[in-house]
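A structural model of the following input is requested.
(4 chains)
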2 protein chains.
Amino acid sequence: MKRPTIHDVAAAAGVSRGTVSRLLNGDRYVSTAARVAIERAIAETGYVVNRNARSLVTQRTGSVVMVLSEPQEHLFEDPNYSTTMRVAIRMLAERDVSLVLMMAGDDGDRERVIRYVRGGHADGVVLLSTHAGDRMADVLVELGVPAVAVGAVVGRERQIPYAAADDREGARQMTRYLVEQGRRRIATITGPMDTPGGIQRLEGFTDVLGRKASKKLITHGDWTRLSGESGMARLLQDVPDIDAVFVASDLMAAGALSTLRMAGRRVPEDVAVGGFDDSSVAVSTHPELTTIRQPLARVAEAAVRLLLAQIDGERPESPVILPTTLVIREST
Amino acid sequence: MKRPTIHDVAAAAGVSRGTVSRLLNGDRYVSTAARVAIERAIAETGYVVNRNARSLVTQRTGSVVMVLSEPQEHLFEDPNYSTTMRVAIRMLAERDVSLVLMMAGDDGDRERVIRYVRGGHADGVVLLSTHAGDRMADVLVELGVPAVAVGAVVGRERQIPYAAADDREGARQMTRYLVEQGRRRIATITGPMDTPGGIQRLEGFTDVLGRKASKKLITHGDWTRLSGESGMARLLQDVPDIDAVFVASDLMAAGALSTLRMAGRRVPEDVAVGGFDDSSVAVSTHPELTTIRQPLARVAEAAVRLLLAQIDGERPESPVILPTTLVIREST
DNA sequence: CATGGTTCTGTGAACGTTCACAGACTGAAA
DNA sequence: TTTCAGTCTGTGAACGTTCACAGAACCATG
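Numbering: from 1, shown residues only, chains lettered A, B, ... in the order given. So this is what the prediction gives:
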């Protein structure tokens, strides 16, 4: 009734546990006779290796933890996470590595993550949307645990390898496009200024607009739909003659669209709205959003590769920056 | 430099490892003198228990696996998953149980999950959107591993405890409401007929409409936005004088709205559209969706509770069915 | 003062692997 | 025939815990 152990397999195959272990771990030096006997024994007994016992001696866990750093409520509102998770799970599964999900919304959560990693329960860490100054990032660096970030950890770009879309150039593409369309009063709703997306998409915006990008035309959001609504309201109040707005995420752009509709401004006739992400919300709004597509799947892939490289003891080539593309729809 | 073990703590505290272990596991019978010495030693050494070693002897892993069963591409398109994950992670974290995420999109994935569970790597399993006839469900039942489903596993309602929203009554609420609004030709786009949401939301629909719910008025989708588009197109072709449609999910309803707009039908004047879920897409469409709110967070909570009960060796009280509410917006 | 029940502590064995090592067997070359 | 390298195998120790057990120390009771 008990789960079979390597001893049971060895006995059934008429060899020693050492030989079984060698076969399991892909060592050479296993005779074909032994191989077939063991393989049959495994099939017969339904043996599955006990990872705990293995981890105990190898000091490897065969699992990676993904840490989601947004405050819990907003966390999943952003559809981008899904892609990243999906890709990560698939790639890791190929190496038979499992993915543990943890949240780091408050300090208690963060301590839990630190304890988990410090306890050696993960071979590596994937950081999602970690904000600048996060203590967790410091601890990871100090511990020397393989880590990677999807989107840079501001202030730790050197220590923590990362993959990201070219936020700055993406923002330039959108802003340039709005200018080319003849828009004169172009504002922006940014992300939080302690995230790379927040910082760099604003930089791209000012790169193109130069001194025209006055303080009044810049307002800050926190990636949520709601902050898009209120940000747009602020802009309408401060700059009534606004004729375009570059919103740093689709979700916030959806919020901005609501506010504009309530205010009676037509999109795109009166005000053009550009988003960022090309997430699924971009096509569920009306009018559908012109936006910047991030190659999210490829970013996630690159990030996982960076992590696996470190776990394998190689030096990762960081950062990996991937190009964005402008997707024109109805809102501009 | 090595990670400290329980021996190091014991030595530092001047007691034996047995005493440290007892303190760690909350046994009584530890003197206060020993307690303070050990606590200081733990703080000094930065000791963290090695879960692998613990699991090896206790046969408990301190982790639970959540299995997502949709084909990978559609998987996360549905915003409902996010809530479930979030709630589950939070509740499990309180008991210091970690959440491993796995996909079961194809047979290879499913075998991986089976191997994982059979290997004893999880204390329990949370099934998300598992379809009828899934081999994995059978294996889990056979293995006797604690399991729970969010939404019933069709055909395994008895063996696998579950929590769910009252899909049938929710569908009745929406259909009744459409009738009361004076709609005469009411159609429906259902979910897949091997999922409880697909089956029961259709049942609720026919409960209210009785013989009026003719074959022509029923078409099937697969929860994706795209299937909502094509389903709506079929309905417009088969039943040109349609004046209302109950779509079994918000995401499919968003698709239906696109098709209606393309076809030049006004919503809600010409055709009323009712969704289901009250997910975030419901408020990002235009017009915003009238829909049925599922108490998703509470469903997830109940499901986790059912699982924990089983892990603790109790008999879970399944099923837990929670009430839905009608949310009226602009599309009806 | 003996008895007996608490409370507390240390110890050996076990959990199921991997790894290093030593040794046995093979076949080819000298 | 001897030697040697290459191939294959079994064994003991170790990984870091928990658990059952035995025994020590304490206190109250008769």
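
Enumerate every residue touching the residue in the stretch 201-332 of chain A that DNA strand D sits nearest to.
The nearest approach of the stretch 201-332 of chain A to DNA strand D comes at A:Ile311, 19.2 Å away (CB to the nearest atom of the strand). Where you see a C-beta, it was placed from the backbone N, CA and C, and this is true even at glycine. With contact taken as CB atoms under 8 Å, 6 or more residues apart in numbering or on different chains, A:Ile311 is in contact with A:123-124, A:146.

In strands, which of the residues you listed fall?
Per DSSP state E, strands hold the following members of these: A:Gly124.

Tabulate the contacts of A:Ile311 in a markdown table, adding columns for pLDDT, distance to A:Ala171 and neighbour count.
As requested, the contacts of A:Ile311 are arranged in a markdown table below (pLDDT from 0 to 100; distance: CB to CB, whole Å; neighbours: other CB atoms under 10 Å in any protein chain shown):
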| residue | pLDDT | distance to A:Ala171 | neighbour count |
| --- | --- | --- | --- |
| A:Asp123 | 94 | 35 | 21 |
| A:Gly124 | 95 | 31 | 23 |
| A:Pro146 | 94 | 31 | 22 |
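
from the contacts of A:Ile311, which is closest to chain B?
Of all these, chain B sits closest to A:Asp123, with 12.4 Å by CB to the nearest CB.

got the contact list for that closest one?
Contacts of A:Asp123 (CB under 8 Å, 6+ apart): A:60-64, A:97, A:146, A:311.

mind redoing it with 7 Å?
When contacts are counted by CB atoms under 7 Å, 6 or more residues apart in numbering or on different chains, A:Asp123 touches A:60-64, A:146, A:311.

right, and A:Arg35 touches A:Arg22 too?
No - using CB atoms under 7 Å, A:Arg35 makes no contact with A:Arg22, being 9.9 Å away.

Show me which of the two is the more surrounded one.
A:Arg22 (18 against 15; other CB atoms under 10 Å in any protein chain shown).

Please identify the helix or strand for that one.
Using DSSP states H and E, A:Arg22 falls within helix A:17-24.

List the buried residues of the next helix or strand after that helix.
Scanning forward in sequence from helix A:17-24 by DSSP H and E, the next helix or strand is helix A:32-45. For helix A:32-45, burial by neighbour count (16 or more other CB atoms under 10 Å in any protein chain shown) applies to A:34, A:37-38, A:41-42, A:45.

After helix A:32-45, which helix or strand is next?
Next along the chain after helix A:32-45, taking DSSP H and E as the criterion, comes helix A:51-58.

Run through the neighbouring helices and strands of that next one.
helix B:51-58 (3 or more CB pairs under 7 Å, 6 or more residues apart in numbering or on different chains; DSSP states H and E).

how far off helix B:17-24 does the helix it packs on point, in degrees?
100 degrees (axes from the mean of the first three to the mean of the last three CA atoms, to 10 degrees).

Just the CA trace of helix B:51-58, in PDB.
In PDB, the C-alpha atoms belonging to helix B:51-58 read as follows (Å, rounded to 0.1, in the frame of the first residue of the first chain):
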ATOM      1  CA  ARG B  51      11.100  21.600   4.600                       C
ATOM      2  CA  ASN B  52      12.500  18.800   2.600                       C
ATOM      3  CA  ALA B  53      13.900  17.100   5.600                       C
ATOM      4  CA  ARG B  54      10.700  17.700   7.500                       C
ATOM      5  CA  SER B  55       8.600  16.400   4.600                       C
ATOM      6  CA  LEU B  56      10.700  13.400   4.400                       C
ATOM      7  CA  VAL B  57       9.700  12.200   7.800                       C
ATOM      8  CA  THR B  58       6.300  13.700   8.200                       C
END
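
so which helix or strand takes in A:Val139?
Assigning secondary structure by DSSP H and E places A:Val139 in helix A:135-143.

Tell me which helix or strand comes right after that helix.
Toward the C-terminus from helix A:135-143 - assigned by DSSP H and E - lies strand A:147-150.

and A:Thr188, helix, strand or coil?
strand (DSSP: H, G, I helix; E, B strand; the rest coil).

What is the neighbour count of it?
Neighbourhood size, A:Thr188 [other CB under 10 Å]: 28.

surely it meets A:Ile242?
No - A:Thr188 is not in contact with A:Ile242 according to CB under 7 Å; the separation is 10.6 Å.

mind listing what the residue lying closest to A:Gln59 once chain neighbours are set aside touches?
Closest residue to A:Gln59 in three dimensions, ignoring its sequence neighbours and counting by CB to CB, 6 or more residues apart in numbering or on different chains: A:Gly120, at 7.0 Å. The contact partners of A:Gly120, by CB under 7 Å, 6+ apart, come to A:59, B:3, B:50.

same deal with A:Asp8?
A:Asp8 neighbours (CB under 7 Å, 6+ apart): A:45, A:47.

and chain A, which residues reach chain B?
Remark: the part of chain A in contact with chain B comprises A:3, A:48-53, A:55-56, A:72, A:75-77, A:82, A:85-86, A:89-90, A:93, A:98-103, A:112, A:115, A:118-121, A:254, A:280-281, A:284-286, using CB under 7 Å from any CB of the partner chain.

which among the residues you listed are in contact with DNA strand C?
When CB under 7 Å from any atom of the strand is applied, the members of those adjacent to DNA strand C are A:3, A:48-50, A:53, A:56.

Identify the residue with the minimum pLDDT among those.
When these are compared by pLDDT, A:Arg3 scores lowest at 86.

how about the strands in the stretch 51-200 of chain A?
Using DSSP state E, counting those that start in this stretch, the strands assigned to the stretch 51-200 of chain A run over residues A:63-68, A:98-103, A:124-128, A:147-150, A:162-165, A:186-190.

who in chain A is up against DNA strand D?
Checking chain A against DNA strand D by CB under 7 Å from any atom of the strand, the hits are A:14-19, A:22, A:28-31, A:33-34, A:53, A:56-57.

ok, so of the contacts of A:Ile311, who is nearest B:Glu330?
A:Gly124 (47.1 Å; CB to CB).

Isn't that closest one up against A:Leu307?
Yes - at 4.8 Å, A:Gly124 counts as touching A:Leu307 under the criterion of CB under 7 Å.

quick one, phi/psi of the residue of the stretch 201-332 of chain A closest to DNA strand D?
When read as degrees, to the nearest 10, the backbone of A:Ile311 gives phi -60, psi -30.

Could you check the pLDDT of it?
At A:Ile311, the pLDDT value in this model is 91.

same deal with A:Glu73?
52.

Equivalent analysis for A:Ile42, please.
We note a pLDDT of 93 for A:Ile42 in this prediction.

neighbours of A:Gly133, just the number please.
A:Gly133, neighbours per other CB under 10 Å, totals 12.
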